[in-house]
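In: Here's a sequence, model it:
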Amino acid sequence: MTNGTPTMPGILNPLTAACDRGFVPDQAQILSNPGVADSVAAASEMFDTIIDAYGGSADISQYSLESETDFPEIIEFYRSAIEAAEENGDEIAVDVTPGRKFMSAIAFQAGFRFGADHVYYFHRKAGGYYGQFYSEIPRTATDLIDFTEVL
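Out: Below you'll find the model as predicted:
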């Protein structure tokens, strides 16, 4: 599960880093809102390409908010998605990298509160790589942090 954001690398880099680390999802859900709908639609198409490159296949879905500040609906997105994945016995990852700060904060809290297996954050250690894709950034300049291992 992840949030939408206007920049494609912001949505795609954490997924690619997770796949590179061995977490290749078979489902991906992206939270969208009117301000990021176009980039979410484009990123959704790229999710298939990335997951396929790592030997996987996934169902990609989008959940659209009517307003980006519909906090109860953001929480419900994560709660219901995590609970459904748990019922299926799936390993669950929440990506807190993209989106507005409040969306990342809600995703972080929801990941822990509702029992996600991973709460990922894609960290660019060097600022010179903003806007570049994972494949263009040296591995020494990035880190995929799993807060479930840190906390």
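In: helix/strand/coil for Glu68?
Out: coil (DSSP: H, G, I helix; E, B strand; the rest coil).
In: That one reaches Ala37, doesn't it?
Out: No. Counting by CB atoms under 8 Å, Glu68 stays clear of Ala37, with 10.6 Å between them. To be clear about C-beta, it is placed using only N, CA and C from the backbone, and glycine gets the same treatment.
In: out of these two, which sits in the busier spot?
Out: Legend: neighbour count by other CB atoms under 10 Å for Glu68 and Ala37, higher for Glu68 (20 against 14).
In: And for the more buried one, nearest residue in space, chain neighbours not counted?
Out: Asn33 (3.9 Å; CB to CB, 6 or more residues apart in numbering).
In: Same question for Ile51.
Out: Among residues not flanking Ile51 along the chain, Ala58 sits closest, at 4.7 Å (CB to CB, 6+ apart).
In: gap between the one you found and Ala18?
Out: 12 Å (CB to CB, to the nearest Å).
In: Settle it for me: which of these two has more neighbours?
Out: Each of Ala58 and Ala18 has its neighbours counted (other CB under 10 Å); Ala18 has more, 22 against 16.
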